[in-house]
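In: With the input below, show me the fold.
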Amino acid sequence: MADNVLWSGDKLCLSIGRQTLLDSAAVSIGENERVALVGRNGCGKSTLLRIIAGMESPASGEIFIRRDLRIAMMPQTFDLETEKTCIEVAREGLQIFEDALKQYESVSMNSPQHAQLEQFLTFHNAWTPENKLETMLEKMEIHFPDRKFNELSGGERRRVLLARTLIAEPELLLLDEPTNHLDVNTIAWIEDFLADYKGACLFITHDRYFLDRIATRVVELDNGKLYTSGTSYSEFLETKAEREYAQDLETQKRNAFLRREIEWVRRSPKARLKKNLGRVKRFDELAAIEAPVRIDNMELVIPQPPRLGNKVVDLKNIHCTIGGKELIRDFNFEFKAGDKVGIVGINGAGKTTLLKIMTGALTPDQGSISIADTVCFNYVDQNRIALNPDATLREEVGGDSDYVNMGDGRTTVRAYLKRFLFTDDRIESQVKYLSGGEKARLILAKILKLGGNFLILDEPTNDLDLPSLRILEEALQDYGGIVVVVSHDRYFLNRVCNRIIAFEHGDPELRTEIGDFDYYDQKRRERLAAAEKTVEKVVPKRTADIPVEKPKKKKALTWAEERELEGMEEAIQKAEERIAELESVFSEPDFYAKHANDQIQLQQELESVRTEAARLYERWEELEIKKNSINV
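Out: Below is the predicted model:
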């Protein structure tokens, strides 16, 4: 790959204070590669991207950059303040194409530069830059082109800057958490864009589906070193486990050797002879090697919730219109103990409105909300958690108290924060010095310490690293109360949720499904496919378009088809009865207590029976049409 390398670094070293971010690290990026950079929050991933972008420099090391390499970067955080409109900011990404067009029109048609510019503009399909801009704004769902950039929310600013970065189509694209605050449809479009991208891309992400679909290589930054770890999230986990096992085995062998050598030095006078100095030197060299550092996982403990009764929260015939836009129409939903509900939909669809209605914070235009006396909500919208940048972490979580209540007991604020991987010196440092991921963990710590039995998390996965995400998923799975999660992270929704509420684009009639996100998405695709077929049948053909054919004589049912049709009603009835049985099992209040070990098998059976019932209905209709057909 040497001839195809765009950027490479070798023996890169960088430390900030006492933390080593790069320790003689080496990495290279080749043409058309899609490299996923993973690692714990604060390990130096964003710093490495800034080094590659030329925004920072390592303390030492060698860097190779292909001549005239174009690099564009989308940072995780940004401090851009401008009076420019959204469309003006996004258009900045087109500058190189607009300059190329001006040059193309001014140089001689017979010059080599004219041919090069023509090839460049054709390669990027940039002969009409404004069309590229219009398409990008539409795909990124930027419907506010004339609004000033500094008036936008954080999520809206991210979409505008991402559009500016993508539209430039550099040879090397650097993306730091590109899917944060984006809805599922926009993420899917970015996946398609990057899958067909004509350059290379290095990206940091916590979205495991995004990683699996896009990455051609996964690189982990761990304790200052860079390791290539397969092409998918599962391969990364396997490779990391194998590497750590080999390191631990080597450490055990080295420690055993050192113990033997120490005994030899202590007991044998020969150790002090000149001819044995080489052996002593080898001992010193091995003793100087430090064991690999292992960073503990976050020990996330959600306080045990107060007991819920049979009735929890019941929404009936909910209608809600805000600002003249109908968000929710005739929505009915009953929450049951053990529910883990995922709410999905595009930004601005009404997800936050629904959360406010179910908690009683907002009164709908029509309908009723019944909230049982035993319900204790824990809902803190992340947008309303204002961290004080000048406060220490201990002050931010504990306030005036040195203790945090944990169910029936309590623990110190310091011990509580250590569970979220904050060290002693970090606990006493100010919030403004935290990374984006560390702030996300601090927000999570503030939310979870409040307890409750009806936990509502609004985009909890943003900025969390992959190990922290796994711990959060496992904690929510084991949580005894109700969980409602607003998230665009499909992997997270699949691991945590057993019911889905969906705001589908432009439709105020909310969809609900029993099952995870993949099951909901499968049903959504089936509905769309069925609707397309219906439209095709309804649209009449013009007479001139209808070919004149001699009607064919239609065949009667075969003997086997007649027998199949006779038994079809009974087969469908059995399938429907089994579906009803399984759905009633899922609706039991103590379902998760009784079926903790066979939940997945029951879900798979339910999906299988539903699929079979749909097949039977389709086959029944096919045989009935054939039976009742009349020969002309």
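In: Can you tell me the closest non-neighbouring residue to residue 64?
Out: residue 8 (4.7 Å; C-beta to C-beta, 6 or more residues apart in numbering). All C-beta atoms are positioned from the backbone trio N, CA, C, and that covers glycine.
In: How is that neighbour assigned, secondary-structure-wise?
Out: strand (DSSP: H, G, I helix; E, B strand; the rest coil).
In: Please identify the buried residues of stretch 353-372?
Out: Buried residues in stretch 353-372, counting neighbours by 16 or more other C-beta atoms under 10 Å, are found at 353, 354, 355, 357, 358, 359, 364, 367, 369, 371.
In: End to end on it, go ahead and measure it.
Out: Stretch 353-372 has an end-to-end distance of 20 Å (C-alpha to C-alpha, to the nearest Å).
In: I'd like the mean pLDDT over it, please.
Out: The pLDDT scores in stretch 353-372 average 91.
In: So which residues lie in contact with that stretch, not counting its own?
Out: With contacts defined as C-beta atoms under 8 Å, 6 or more residues apart in numbering, stretch 353-372 is touched by 308-309, 311-322, 327-328, 331, 335, 343, 377, 379, 381, 456, 458, 484, 486, 501, 510.
In: Of those, just the buried ones, PyMOL syntax please.
Out: Only the buried entries of those go into this PyMOL selection, using 16+ other C-beta under 10 Å:
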select buried, resi 308+311+312+313+314+315+318+320+321+327+328+331+335+343+377+379+456+458+484+486+501+510
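In: which residues in the stretch 1-150 of the chain form strands?
Out: Using DSSP state E, counting those that start in this stretch, the strands assigned to the stretch 1-150 of the chain run over residues 5-16, 19-30, 34-38, 60-65, 71-74.
In: thinking in terms of the whole chain, how far from its middle is the last one?
Out: Averaging C-alpha coordinates over strand 71-74 and over its chain gives two centres that are 21 Å apart (C-alpha atoms, centre = their mean, to the nearest Å).
In: hmm, back to that, residues contacting the residue nearest to residue 64?
Out: 26, 27, 28, 29, 63, 64.
In: can you redo those as TSV with distance to residue 204, pLDDT and neighbour count?
Out: Converted to TSV, the contacts of residue 8 look like this (distance: C-beta to C-beta, whole Å; pLDDT from 0 to 100; neighbours: other C-beta atoms under 10 Å):
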residue	distance to residue 204	pLDDT	neighbour count
26	18	93	14
27	13	92	21
28	17	93	18
29	14	94	23
63	20	95	14
64	22	94	11
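In: of all those residues, which comes closest to residue 467?
Out: Relative to residue 467, the closest of the contacts of residue 8 is residue 27; by C-beta to C-beta it sits at 21.1 Å.
In: Distance of that closest one relative to residue 9?
Out: Here residue 27 is placed at a distance of 6 Å from residue 9 (C-beta to C-beta, to the nearest Å).
In: where along the stretch 201-350 of the chain do the strands fall?
Out: So, for the stretch 201-350 of the chain - with DSSP E, counting those that start in this stretch - the strands run 217-222, 225-228, 313-322, 325-335, 340-345.
In: Kindly report the same for the stretch 451-600 of the chain.
Out: Using DSSP E, counting those that start in this stretch, the strands of the stretch 451-600 of the chain run over 454-458, 482-486, 499-503, 511-514.
In: What strands line up against the first one, and which way round?
Out: Counting by DSSP bridges, the strands paired with strand 454-458 are strand 377-379 (parallel), strand 482-486 (parallel).
In: In PDB, could you pull the C-alpha coordinates for the longest one?
Out: Once non-C-alpha atoms are left out, strand 482-486 reads as follows in PDB (Å, rounded to 0.1, in the frame of the first residue of the first chain):
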ATOM      1  CA  ILE A 482     -39.600   1.300  33.300                       C
ATOM      2  CA  VAL A 483     -37.200   2.800  30.800                       C
ATOM      3  CA  VAL A 484     -38.100   5.200  28.000                       C
ATOM      4  CA  VAL A 485     -35.200   6.100  25.600                       C
ATOM      5  CA  VAL A 486     -35.100   8.700  22.900                       C
END
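In: residues in contact with that strand?
Out: If you take C-beta under 8 Å, 6+ apart as the criterion, strand 482-486 is touched by 308, 312-313, 335-344, 351-352, 355, 358, 453-460, 476, 492-493, 496-497.
In: can you check stretch 516-524 too?
Out: Residues contacting stretch 516-524 (C-beta under 8 Å, 6+ apart): 342, 344, 490, 493-495, 497-498, 500, 502, 504, 511, 513, 603, 607.
In: ok, residue 374 - contacts?
Out: Residues counted as contacts of residue 374 (C-beta under 8 Å, 6+ apart) are 306, 307, 308, 309, 312, 453.
In: Can you tell me how far the closest residue to residue 175 other than its chain neighbours is from residue 73?
Out: Once flanking residues are discounted, residue 175 sits nearest to residue 203: 4.1 Å by C-beta to C-beta, 6+ apart. Residue 203 sits 10 Å away from residue 73, taking C-beta to C-beta as the criterion.
In: if I look at the two, which residues touch both of them?
Out: Joint contacts of residue 203 and residue 73 (C-beta under 8 Å, 6+ apart) are 174, 175, 176.
In: By neighbours, which of the residues you listed wins?
Out: residue 174 (28 neighbours; other C-beta atoms under 10 Å).
In: That one contacts residue 54, doesn't it?
Out: No - between residue 174 and residue 54 there is no contact under C-beta atoms under 8 Å: 10.4 Å.
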